[in-house]
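> Structure of the sequence below:
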Amino acid sequence: MFRFALILAFSLPGFAAAAPCGNTGNGFEAWKQDFAKQARRAGVKKKGLQALSQSQYATRTIAADRNQKSFRYSLDKFMQIRGADTIVAQGRKRKARNPQFYATLERQYGVPAGILIAIHGMETGFGNFMGDSQVVSAITTLAYDCRRSEFFVPHAIGALKLVDQGSITTNTVGAKHGELGHTQFLPGNALEYGVDATGDGQVDFYNMTDALASTANFLRKKGWKPGRGYQPGQPNFAVIQQWNAATVYQESIAIMAARIDG
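All right, here's what the predicted structure looks like:
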């Protein structure tokens, strides 16, 4: 019975098996053609589909994905390598220089300055390095790659929709896993939680105001409780866990944020 149903399914008009994932670049072009159909069904328009067709298999992204050593370090080692003391020192200065900006964000979203500043510092050194990989190529490569295809497919769709909206282009660069902007949003999250805080009609993650408002919005929508604690065991620590899955990262953000806010 099952075999008959399978044969019948393949004989139906319009039925097409999904292009398989791959662990090398050999099947990437065929996968892109099939993924374009999925993207179109998901609402991706002409610009996004053009960006998909122009994307290239990102070998540096795959190399980085296979070699994520820093998250296996101890907390102390991780904070040392990521420059926690420098982030805190610079973060305090940034808060002191522009207190009203961070106070406005906290009034709107309930997220204190220390958290946003710690994330900003950890992710891009306060915007000093926002990546060197083409976002669309990186994220579509990860959607094609067999290791975590299901996780990255929605973010690949998100990236193509961001192209449609004008928030990014084919040439926009970000991190090797496709994260973009000042706080390194994954594209699907950027699409869902992006905020036009400048009021210019465009969500621009390479604009600090839009990026930090979007980050605060993400945390609020994930359950941030204004005025509650964010250290391990406190209510808002679970929200930090929504931003990054690595325990050392989560703990580092909580520690740095407390030092910046202190």
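
> mind listing what's buried in stretch 23-35?
Residues of stretch 23-35 classed as buried by neighbour count (16 or more other C-beta atoms under 10 Å): 25, 27-28, 31-32, 34-35. Every residue, glycine included, has its C-beta placed from N, CA and C.

> go on, stretch 200-211?
For stretch 200-211, burial by neighbour count (16+ other C-beta under 10 Å) applies to 203-211.

> The residue nearest the centre of the chain: what's it in contact with?
What sits nearest the mean C-alpha location of the chain, by C-alpha atoms, centre = their mean, is residue 186, with 1.7 Å. By C-beta atoms under 8 Å, 6 or more residues apart in numbering, the residues touching residue 186 are 139, 155, 158, 177-179.

> and residue 170, what does it touch?
Here residue 170 is in contact with 50-51, 54-55, 134, 136, 163 (C-beta under 8 Å, 6+ apart).

> Correction: the previous question concerned residue 99.
Contacts of residue 99 (C-beta under 8 Å, 6+ apart): residue 113.

> Over to residue 110?
216, 220, 224-227.

> Please produce a ChimeraX select command covering the buried subset of those.
The ChimeraX command for the buried members of the contacts of residue 110 (criterion: 16+ other C-beta under 10 Å) is given here:
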select :216,220,224
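
> Which pair in the contacts of residue 110 has the greatest spatial separation?
Using C-beta to C-beta, those span at most 14.5 Å, a distance reached by 216 and 227.

> Spell out, range by range, the helices that occur in this protein.
Ranges of helices in the chain, per DSSP state H, are 2-11, 28-41, 46-54, 59-65, 75-81, 84-97, 99-109, 113-124, 135-144, 149-165, 187-193, 208-221, 237-243, 247-261.

> Tell me which of those sits most buried.
Of all the helices of the chain, helix 135-144 has the most neighbours on average by mean count of other C-beta atoms under 10 Å, namely a mean of 28.

> Report the mean confidence score over it.
Confidence for helix 135-144, expressed as mean pLDDT, is 98.

> For it, output the C-alpha coordinates as PDB.
Output in PDB follows, covering the C-alpha atoms of helix 135-144 (Å, rounded to 0.1, in the frame of the first residue of the first chain):
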ATOM      1  CA  VAL A 135      24.900  37.300   3.900                       C
ATOM      2  CA  VAL A 136      22.800  35.700   1.200                       C
ATOM      3  CA  SER A 137      25.500  33.300   0.000                       C
ATOM      4  CA  ALA A 138      26.400  32.300   3.600                       C
ATOM      5  CA  ILE A 139      22.900  31.600   4.700                       C
ATOM      6  CA  THR A 140      21.800  29.700   1.600                       C
ATOM      7  CA  THR A 141      25.000  27.600   1.900                       C
ATOM      8  CA  LEU A 142      24.000  26.700   5.400                       C
ATOM      9  CA  ALA A 143      20.400  25.900   4.300                       C
ATOM     10  CA  TYR A 144      21.800  23.600   1.700                       C
END
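
> Between the contacts of residue 110, which sits nearest residue 75?
Of these, the one sitting nearest to residue 75 (C-beta to C-beta) turns out to be residue 224, at 22.8 Å.

> Need the per-residue pLDDT for that closest one.
For residue 224, the model assigns a pLDDT of 98.

> so who does the nearest residue to it once chain neighbours are set aside touch?
Spatial nearest neighbour of residue 224, chain neighbours left out: residue 239 (4.8 Å); criterion: C-beta to C-beta, 6 or more residues apart in numbering. Neighbouring residues of residue 239 by C-beta under 8 Å, 6+ apart: 219, 222-224, 230.

> quick one: low-confidence parts of the stretch 51-200 of the chain?
The model of the stretch 51-200 of the chain has pLDDT under 70 over residues 68-71.

> picking that back up, tabulate the contacts of residue 186 (TSV), appending distance to residue 103.
Converted to TSV, those look like this (distance: C-beta to C-beta, whole Å):
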residue	distance to residue 103
139	34
155	32
158	31
177	32
178	32
179	27
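
> Could you identify the most distant pair in those?
158 and 177 (13.2 Å).

> Do I have it right that residue 205 meets residue 175?
No. Counting by C-beta atoms under 8 Å, residue 205 does not reach residue 175; the two are 11.9 Å apart.
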